[in-house]
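1. I would like the atomic coordinates for the input below:
(chains A, B, C and D)
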Amino acid sequence: MRRYLALLLLMLMALLLLAVAMQFGFGAAPMRVGSAINSAAPGQVGAANIVTSVVLAYRGIDTLGELAILFTAATAAGLLLGQRPATTQPDPEAGFILRHAADLLFPLLLVVGLFIIVHGHLTPGGGFQGGVILAAAFFLPLLARPASRFRHGVFGVVEALAGAAFIGIGLLALTDGGPFLQPMLGKGVLGHLVSAGTLPLLYAAVGLKVGTELAGLMAGIAAYEARDP
Amino acid sequence: MQAYAYWIVLVSVAVMLTGAVSVLVLRQYMAAVVATAVVSLGASVIFVVLRAPDVALTEAAVGTGLAGVIMALSLRRLGLHRDDDPAHHREDESGER
Amino acid sequence: MNAPVLMFALPLLTAFLLPVIDRLSGLAGRWIGPLVLVGNLLLGALAWPHLQDAPLVLAMGGFRPPLGIVFYVDRMAMLFAMGVALGVLLLWPAWAQDKDRVRISTLTMVLVTATTGLALSGDLFNLFVCYELAAISSYGLAAAGGSAAAGAATLRYMVISSFGSALMLIGIALVYQATGTLNLAQLAVLSDALAGPQGLIAFIFILLGAGVKAELFPVNAWVPEVYGAAAQRVAGILAGIVSKLALLIIVRLLVLVFRQPEAQQILLVLGVLGVITGELAAWRAQDLTRMLACSSIGQLGVMFVAFSIPGPAGVFAGLAVALHHMLVKPALFLLAERWGGALTRLPGAAQKSPLAAACFVLLALSLVGIPPLPGFWAKFLVVTAALGQGTPAYAGAVAVILAAAVIEASYLARVAAHLYRRVTQPLSANRQTRAAVTVATCASAALVSATLWLAPLGNSLQVTAAQAADRDSYIHNVFPQGVQP
Amino acid sequence: MTPDIGQVLFCGSFGLVIIGIFGIVLTNHLVRIVLSIALLETGANLLLVMSGYRPGAAAPILVDGTVPASMVDPVPQALVLTAIVIGVAVQAFMMVLVLRVHTAYGTLDIREIRTLLERDITHAAGVPLPVSPDEPLAQPHTVLHRGAQ
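-> Purely as a prediction, here's the structure:
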């Protein structure tokens, strides 16, 4: 009975949504704040990628909140996963292909990840996307050789310092009277690698933090005491 | 809007919706995870057509890559990753259609 | 004047650095959390005089409001921000064993950051991000007990909450598609674009999203399980403090953006249903923790009814009930740490810790609304504001609230009876912890002093509510020279 | 009447939302519920990006300094960047909880977990078990039927 009630409710909701959607003007974006940012961003922030200037400069607090969400998810997961008892024998060594592919891919993934982070303010991509690729790079050796110990300690320290760096750069603006998270260090020439002031530094902090956090999270799930089914 | 964009969107929406339905219908959970990744890829193609390259890269890297890896690792730990024959794995018929 | 921003940034900085600090010195790791909370309180006290005449508008990153995010710090926001700092300080989860202590302190500091952001922010999507941050840190804290029941209860809570936050995201997409902006003040100016069906559906989705943590009727099925399974201090924080902040989002949106009468009617109906289901479930409960959990659903239902009343009277009544509940409920949950089991285990408890039992009775009386205590004054405000509307719907709501007060009185009396039953053979009830007794006595002392100085407190609260409910002054404060997108 | 691109996109995003909600409400296996939540989030993200689109406008990225004539709204893209990462962070923690619950209760069916949860909470609180007549009298703490895995 409960199921048919739920089904009925969902049908009603589906019709409701579609009724609204059909007279939803697609392609008629009001562009109130959007066009103002599009015209102001290159001048005010100096980043070629306007979405990056929105993510880090205009809406920097959102990105700080999002960084905190990822940090909380990794911490809470670490809390629940706990340390794996040393007695359990690790998973078998990975196959030939995976081991050698992992050795081959590791440097490439690092380069691609760092490239995307560093060019966050010029081309599409940035801290989060590059950070995920870095996480894959850090996690790959553990996948290939499950016996090798994942150095949670080092990654924990890097993660904490990167997060503190993001907030530190934000608080730096307070020291000389400016508001929190104000972009500093001048804008440089639009389109050059060293431009848009502190934005690249912020995205580097985001990238490192995301990379180390997610690698720790994935290592935690992989090392969850291997129960053979 | 270029003409071919309409067809790209049409195909990727079709792929997304079939992927989404198959997430609920497929019996094996690893296949359901792959279906979710297909939906995510369809969405990232649409993001490219909607002139949102940043979002497309994020959806591909985070939505497909990371979510897929985490789900696959968890399924391995849950013992659901192999093609589970009913004898080995208790399949509660009442649960799924 | 950057004190409010520091109240947001410093707890987060502490949370990020806590693992490193704890590795350097265990003592620092143990005490830095409460220290930063005291710092938050001082910052709040520092900023309070500046808020007397006009609220503080802080543009983040120095970008003027419609482009960047703005923190709108009026008296109500600062009241809640300081309430969070004080509440979490009193309920600091000191129970954690050593190996989990660092992570649980980190999650608590992140929860303080998120709730402070919820109180201060003036941007719709930033409220969503802070709401998600509060949600994920409360998942971590609720499941931190490590028991299977805590994990399962948190899992069901996460399913409902993820469903709610996805709906909230759709609501924000609908609002952005109709107006093109996220700043609450500019949304208030453009609120007639949201008067149509699209606006109403966006309101319903955001209400359901924020309603999960505010224990709104259809989406509060998780409350008895999570508060029953999680640590009682975490339950106290979630029920007492975090639920009010989620409620604050809905109040801001109702006052500023969604002013169509259907929105208020929906809130009224869901509030009344919440009161009914909450009080009945609490009456049926056989253990103190579930009773307190369900009674907090009922109390929040009363708050929804109060905030659904248009105009400053509604905000004033709702604020009174919210602050009173914020003072009383965490202390009751703390007492439930030792007395949480079945009511049949309670006889003789008053003999073992008489002071705690006396505080319990005093707090319960105020919760029910016995005349001299502030609880009566808060409910009286709700009843008069509702009757002031004159419509039968509000009259029915008042009837439900009064009936709920009677039910509340009956089950709290049953608990008091169990507490004070004299038992001769070895007492089964266990003694209260020193921390719980001190917090309970602080809450009772605050309650008694509020009773004595009710008039001045009431007037200043009325001024705060009038300021919060004043839509035009909000728009003027954020855009002094008028809105130029 | 071939539907224009706007209606196709709406069918796609709302279709995802509705299938996601169906999946959460109607299926009982935890892994499927987690995947349905991911679908729901993807649908909501699609809707958010669509609300910032303008036909004929270019992506908001200045390629070697030339400012395109008209650009798409960058704000929803920044919001969706945040929303996607939030969705995956919550999903990762939920999977950790699924692992914990699976180890503790041995089942992944949300109905069984609900009954076991109620049993544990009432048992911990010391409240006598509400024995419903049509339920066989099971000992308070045995697991209903432990799955094979």
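2. switch to C-alpha atoms for all contacts and neighbour counts from now on
-> OK.
3. Briefly note if stretch A:154-169 comes near chain D.
-> No. Using Cα under 8 Å from any Cα of the partner chain, stretch A:154-169 never reaches chain D; the gap is at least 15.8 Å.
4. quick one: contacts of that stretch?
-> By Cα atoms under 8 Å, 6 or more residues apart in numbering or on different chains, the list of residues contacting stretch A:154-169 from outside reads A:64, A:67, A:181, A:198, A:202, A:205-206, A:208-210, A:212-213, A:216, C:9, C:13, C:16-17, C:19-20.
5. Just the helices from the chain, written as ranges.
-> The chain I'm using is chain A. A:2-22, A:32-44, A:50-52, A:60-81, A:96-118, A:127-144, A:152-175, A:199-222 (DSSP state H).
6. oops, I was thinking of chain D
-> Taking DSSP H as the test, the helices found in chain D are D:5-26, D:30-50, D:74-105, D:110-125.
7. And the pLDDT at residue D:110?
-> Per-residue confidence (pLDDT) for residue D:110: 89.
8. check contacts around it.
-> Going by Cα under 8 Å, 6+ apart, residue D:110 touches D:28, D:29, D:30.
9. And those residues, which is closest to chain B?
-> residue D:28 (5.6 Å; Cα to the nearest Cα).
10. right, and that closest one touches residue D:112 too?
-> No. Look at residue D:28 against residue D:112 with Cα atoms under 8 Å: they stay out of range, at 9.4 Å.
11. Tell me the confidence at the residue nearest to the spatial centre of chain B?
-> Chain B has residue B:36 as the residue nearest its centroid, 1.5 Å off, counting by Cα atoms, centre = their mean. pLDDT, the model's per-residue confidence, is 94 for residue B:36.
12. if I look at it, how far off is residue A:18?
-> Distance of residue B:36 to residue A:18, given as Cα to Cα, to the nearest Å: 23 Å.
13. contacting residues for residue C:20?
-> So residue C:20 contacts A:157, A:160 (Cα under 8 Å, 6+ apart).
14. Could you do the one 3 residues further on as well?
-> Counting by Cα under 8 Å, 6+ apart, residue C:23 touches residue C:29.
15. Which element, helix or strand, includes it?
-> If you go by DSSP states H and E, residue C:23 is part of helix C:3-24.
16. pLDDT weak spots in the chain?
-> I'll assume chain A. For chain A, the stretches with pLDDT under 70 are A:1-2, A:19-24, A:83-90, A:225-229.
17. Correction: the question concerned chain D.
-> Judged by pLDDT under 70, the stretches of chain D that qualify are D:1-2, D:65, D:129-149.
18. Quick check: residues of it near chain C?
-> Looking at chain C, the residues of chain D close enough under Cα under 8 Å from any Cα are D:21, D:24, D:33-34, D:37, D:40-41, D:44-45, D:47-48, D:51-52, D:79, D:86, D:90, D:94, D:97-98, D:100-101, D:104-105, D:113-114, D:117-118, D:120-121, D:124-127.
19. Buried subset of those residues, written for PyMOL?
-> The following PyMOL line selects those of the residues of chain D next to chain C that are buried, judged by 16 or more other Cα atoms under 10 Å in any protein chain shown:
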select buried, chain D and resi 21+24+33+34+37+40+41+44+45+47+48+51+52+79+86+90+94+97+98+100+101+105+113+114+117+118+120+121+125+126+127
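20. Let me know the secondary structure of whatever residue of chain B ends up closest to chain A.
-> Closest to chain A within chain B is residue B:54: 4.8 Å, counting by Cα to the nearest Cα. What DSSP: H, G, I helix; E, B strand; the rest coil gives for residue B:54 is helix.
21. Pretty sure it sits against residue D:75.
-> No. Using Cα under 8 Å, residue B:54 makes no contact with residue D:75, being 11.8 Å away.
22. Now list whatever residues contact both of these two.
-> The contact sets of residue B:54 and residue D:75 overlap at residue A:51 (Cα under 8 Å, 6+ apart).
23. Spit out the contact partners of residue B:68.
-> Each residue near residue B:68 by Cα under 8 Å, 6+ apart is listed here: B:33, B:34, B:36, B:37.
24. Redo those residues as CSV? Include distance to residue C:147 and secondary structure.
-> Listed next are the contacts of residue B:68 as CSV, based on distance: Cα to Cα, whole Å; DSSP: H, G, I helix; E, B strand; the rest coil:
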residue, distance to residue C:147, secondary structure
B:33, 28, helix
B:34, 32, helix
B:36, 31, helix
B:37, 33, helix
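25. Buried subset of those residues, written for ChimeraX?
-> Selecting only the buried entries of the contacts of residue B:68 in ChimeraX, with 16+ other Cα under 10 Å as the criterion:
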select /B:33,34,36,37
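26. So which of the contacts of residue B:68 reach chain D?
-> Okay, of those touching chain D (Cα under 8 Å from any Cα), that's B:33, B:36.
27. which one of the contacts of residue B:68 is nearest residue C:271?
-> Proximity of the contacts of residue B:68 to residue C:271 was ranked by Cα to Cα; the top entry is residue B:36 with 37.5 Å.
28. Would you confirm that the closest one contacts residue B:23?
-> Yes. Using Cα under 8 Å, residue B:36 is in contact with residue B:23, at 6.5 Å.
29. Pull up the overlap in contacts between these two.
-> With Cα under 8 Å, 6+ apart, residue B:36 and residue B:23 have common neighbours residue D:35.
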